[in-house]
Every structure is written in C-alpha cells, then in structure tokens.
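Visitor: give me coordinates for this.
(4 chains)
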Protein chains: 2
Amino acid sequence: MQSSTPAGRAGRPRSAAADTAILAATRAALVDLGWSKLTLGDVATRAGVAKTTLYRRWAGKNELVVDAVAELFDELELPDSGSLAADIEGVVLQFATILARPEAKSGLMAVVAESTRDDALRERIRTSIVERQKRLVLEGRARAEARGELPPEPDAAQAGRTVDLIFDLVAGAVVHRTLVSAGAADEEWVRDLSRVLLTGLAGTAQEPATPT
Amino acid sequence: MQSSTPAGRAGRPRSAAADTAILAATRAALVDLGWSKLTLGDVATRAGVAKTTLYRRWAGKNELVVDAVAELFDELELPDSGSLAADIEGVVLQFATILARPEAKSGLMAVVAESTRDDALRERIRTSIVERQKRLVLEGRARAEARGELPPEPDAAQAGRTVDLIFDLVAGAVVHRTLVSAGAADEEWVRDLSRVLLTGLAGTAQEPATPT
DNA sequence: GTATTACGCTACGAGCCGTAGCGAAAGCAC
DNA sequence: GTGCTTTCGCTACGGCTCGTAGCGTAATAC
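Guide: As a prediction, this is how the structure comes out:
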C-alpha cells in the first residue's frame, strides 16, 4: 500500500479525514435539506472545512453527491440462502432498506436526473454505483444454475442481455415502488416480486416455486 | 369546454393561451437547459409573458415542471393487439418512446427527486401522471383474463397488490433502462421484458425467440 | 360606466455560486 | 534542522437567480 503520497508528490498531502468528513456532511445535509436546498457552503461548514477546500476536490454538487451516495451501496451482499427465491428476496430487501434512507432517495434520484444532460456524470454514476452491483445478479444466476433452478444459458449475448434486463427490472422496480408509489418495499412486496420474476404473471395465482 | 370564467368570477379572465405557452416554453427550456439550469425568468421570456404572471399561476419550478411533463404522458394508450404479450410490448414501447425525449427524462426524474422531501409534490405527481396510467395495467389484465391468458384473481386485495407490483415493475424497468443504464428500450429489449414478465426467469431459455 | 381581476414592467434585497488572493500549516527531500 | 511544495482556512468579490412589491394598463362581468 502506497502511503498518502502516491506518486512522488511533494508538499502537504491532502487530509483523508477531510474527505470522509465532507462526504458524511453531504449525507447529513441531504437528510436535513434535500438536494435542491443543499449548498456547498453549508456542507463545508458542517464538515469543518473551508469552502475552497471542497472545490479543490470536487467539481461541483453533482460529483460530490454521487460520491457521498455511492458509499451507501457498498454494503450490499448476496446472501447464500439456499434457493434462488430466497437469494432474490434477501438482496432486494437490502437494496430497499438502503434506498429507504432519505439521503439515498433524494441524492440518488437527483444526480440521475442531472445525468440525463451530462454524460460524464452518468458514467461516474454507473461505474461507482450501478455497475458494481451487477455482480449480484451474475452471482445469483450462477448459484441458481449450480442448484439446477435455472437452465444454463448457452448464448453468451443472450445471457448478457438477460443480466442487464434483470438488473433494470429489479432495481427499477424497487426505485419506482419506493420513490414514485411511495410504498414500503417490505417482505410481502418483495415476496410478490420474486414470485413474478421466477414464475411469471401466470404463476402468481398458483403455488410458487417447486423448481424442476 | 367551459369558458375562461368558470364560477361567476368577475374581472379579466386568465389567458388560456398563456398557460399553454408557458408549459410549452417549460418543455423547450428543459430540452435546451435541463432541470438545474432552467430558470423561471427564462421560461417567462420564452413564453412571452412576464415573470410575475408565471408566479401567479404556479408556486414554483417543481409544480410547473410537473404540469409541463404530465401532458407528455396523456397520449398513452393500450393497443388491442390480440395477445397479452403484444399488448405489453405495445404499451411499453409507447412509454419508452415518450421517456426517451429529453424533456421527459430530465424533468420527470428531477421532480421525483424533489418529491422525496415534499409530500404535496409527490401527490401531484401521482395524481397527474402516475395513477392515470395504472388504468393500462387494469385494462390489460382484464383483456388477458377474457382471453384466458391469465387465471382470474379471486382475492381482491391480492389483485390490487399485483396491479401495483406490475406497474412498479414495468415503469421502473423502463426508467432504469433509459436513464441509468442509458440503453435503448427498443423492440428487442421490450420483447425480452415481456417474456420474463409472462413466463418468469426459468422460461427465458427454455422457449427462446418465438420468432415473429 | 364601474368594479374586479389579470397583465406587463421595473426595481429591489437576499442568497448562493465559483474564484482569486493571501498567509499559515503540514509533510517530503536533503 | 533547512528549504520546497502543496494544501488549508479565511476573506472578499462580481454575477446570477430568486421571489416579491409596486404601479399603471388591459380585459372582462355586471
């Protein structure tokens, strides 16, 4: 591990404590004020740093909030529950729990909205938040195939498309449920969701699961 | 149409032309500037009205953009295509087409983000945009039951939950695909989506393609 | 005609933005 | 230790947008 001066740089190193303080202050400000009323001056005051320090490290409000929110999603893990349905329900519940926090809600959606007009920002969101969680889908599918719950997908292109689709489907559903419908993504809802995902609409009224 | 003076109000009536001009100018400003750089002064100039006129009709940026975006989604219709899969694909493609427009993307997501801290705004979004489209799910399910494609749902509470779930699932998936993954919600993607919805994950590889 | 309301215009204080400039502080190389 | 380099805190600034107040004028109902 290279120390705080990675590449022979001389001079006073940047305070790592300031970084964490700023990101924490950003999340606190998101909770108290929301996206629109959040000002960088206020964040700097909360973090105990000067406003200029903040501008030296982040280009603006968008990038700062992306980094502050990204840390929230790093704790996501795929529980090994023994069945595909339980795996899905477990990880979706984790995701819903994170997304229920006010700093995640207002922050994430706001930067996504901004990213529609800023390709660099969208890439930052994808690499630091979204793409890192796609591993959960891949891992879940691999486990399900090993258990015999899902047939192996021979076509690689089709498999990739399916992974992307599942990811958009699950993440989008939780987001829409939480933010737009303003409903709780609780265990009952997650159970219904996993049932539809596994058996389809026709299977919702019937007895679920019973994998071949 | 009732004239511009609905209930015995005296005095000069509000210009209906100004309303449409303002909403159109708002959408144009969303395309040119996006949400964050959109200013009410600019919208007023584009619409050819005074800034004070704008403030007399809308409380702020949020409410204005909700109304401006809501008009985009009124054209949604459920095509009678003869099968549930085709119905789903048709209406999802319509939704995706609307959401691909820049004024819909940036405007809708931004107000949704704001609504996480403003209950009145979220209600406005739900009543003027979201809830009105839930009829599509209800109508599609009714048609599918009539065709025998879906079993009737005896439990009313369960049926309501399923409708909400399907709505969150479909709308959320299209939004996530379009905005976060930055992929095209084209015919191929929609076909995959409807297949997963109808047959579940296990069915995706077993009965592929179904080439038209 | 008269009352009432909407409209266009101007002007204003307030707040935030993003940057510049300065002196001081904190490490690194020697 | 002595320098060198970079970061830090602080202050100040022009510029922009906000949302409102005030005024005279325009348009309609009675």
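Visitor: just give me the neighbour total for A:Leu198.
Guide: Residues contacting A:Leu198 under the criterion other Cβ atoms under 10 Å in any protein chain shown number 23. (C-beta placed from N, C-alpha, C; glycine too.)
Visitor: in whichever strand or helix holds it, what's buried?
Guide: Using DSSP states H and E, A:Leu198 maps to helix A:187-199. For helix A:187-199, a neighbour-count test (16 or more other Cβ atoms under 10 Å in any protein chain shown) marks A:189-199 as buried.
Visitor: do stretch A:128-145 as well
Guide: For stretch A:128-145, by 16+ other Cβ under 10 Å, it's A:128-130, A:133-134, A:136-137, A:140-141, A:143-144.
Visitor: could you check how far the one residue in chain A that gets nearest to DNA strand D is from A:Lys51?
Guide: Using Cβ to the nearest atom of the strand, A:Gly11 is the residue of chain A that sits closest to DNA strand D, at 2.1 Å. The spacing between A:Gly11 and A:Lys51, counted by Cβ to Cβ, to the nearest Å, is 21 Å.
Visitor: same question for A:Phe95.
Guide: Taking Cβ to Cβ, one finds A:Phe95 at 34 Å from A:Lys51.
Visitor: neighbour-wise, which of the two wins?
Guide: Neighbours per residue (other Cβ under 10 Å) separate A:Phe95 from A:Lys51, with A:Phe95 holding more: 22 against 14.
Visitor: right, and that one touches A:Leu76 too?
Guide: Yes. The criterion here is Cβ atoms under 8 Å, and A:Phe95 meets it with A:Leu76 at 6.5 Å.
Visitor: picking up where we left off before, with just CA atoms, put the helix holding A:Leu198 into CSV.
Guide: Output in CSV follows, covering the C-alpha atoms of helix A:187-199 (Å, rounded to 0.1, in the frame of the first residue of the first chain):
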residue,chain,number,x,y,z
GLU,A,187,-41.1,-8.5,2.9
GLU,A,188,-44.6,-9.1,1.5
TRP,A,189,-43.9,-6.9,-1.5
VAL,A,190,-40.5,-8.5,-2.1
ARG,A,191,-42.1,-11.9,-2.0
ASP,A,192,-44.6,-11.0,-4.6
LEU,A,193,-41.8,-9.5,-6.7
SER,A,194,-39.6,-12.6,-6.6
ARG,A,195,-42.6,-14.8,-7.4
VAL,A,196,-43.4,-12.8,-10.6
LEU,A,197,-39.8,-12.8,-11.5
LEU,A,198,-39.4,-16.6,-11.2
THR,A,199,-42.7,-17.9,-12.5
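Visitor: low-scoring stretches of chain A, by residue?
Guide: A:1-9, A:203-212 (pLDDT under 70).
Visitor: list the residues that contact both of A:Phe95 and A:Leu76?
Guide: The contact sets of A:Phe95 and A:Leu76 overlap at A:Gln133 (Cβ atoms under 8 Å, 6 or more residues apart in numbering or on different chains).
Visitor: check the buried residues of stretch A:128-145 against chain B, which are close?
Guide: Of the residues in the buried residues of stretch A:128-145, proximity to chain B by Cβ under 8 Å from any Cβ of the partner chain holds for A:Val130.
Visitor: out of the buried residues of stretch A:128-145, who's nearest chain B?
Guide: A:Val130 (5.8 Å; Cβ to the nearest Cβ).
Visitor: can you tell me the closest non-neighbouring residue to the closest one?
Guide: Once flanking residues are discounted, A:Val130 sits nearest to B:Val180: 5.8 Å by Cβ to Cβ, 6 or more residues apart in numbering or on different chains.
Visitor: so what's the residue count around the one you found?
Guide: B:Val180: 22 neighbours (other Cβ under 10 Å).
Visitor: A:Leu78 now?
Guide: A:Leu78: 18 neighbours (other Cβ under 10 Å).
Visitor: same question for A:Glu77.
Guide: Should you count by other Cβ under 10 Å, A:Glu77 turns out to have 11 residues around it.
Visitor: re earlier: give me the residues contacting the helix holding A:Leu198.
Guide: Taking Cβ under 8 Å, 6+ apart as the rule, helix A:187-199 contacts A:84-85, A:88-89, A:92-93, A:96, A:166, A:169-170, A:173, A:177, A:183, A:203-204, A:206, A:208-209, B:161-162, B:165-166, B:169, B:196-197, B:200-202.
Visitor: off-centre distance for it?
Guide: 20 Å (Cα atoms, centre = their mean, to the nearest Å).
Visitor: stretch A:169-176 too?
Guide: For stretch A:169-176, the distance to the chain centre is 11 Å (Cα atoms, centre = their mean).
Visitor: one more: stretch A:11-24?
Guide: Counting by Cα atoms, centre = their mean, stretch A:11-24 is centred 24 Å from the centre of its parent chain.
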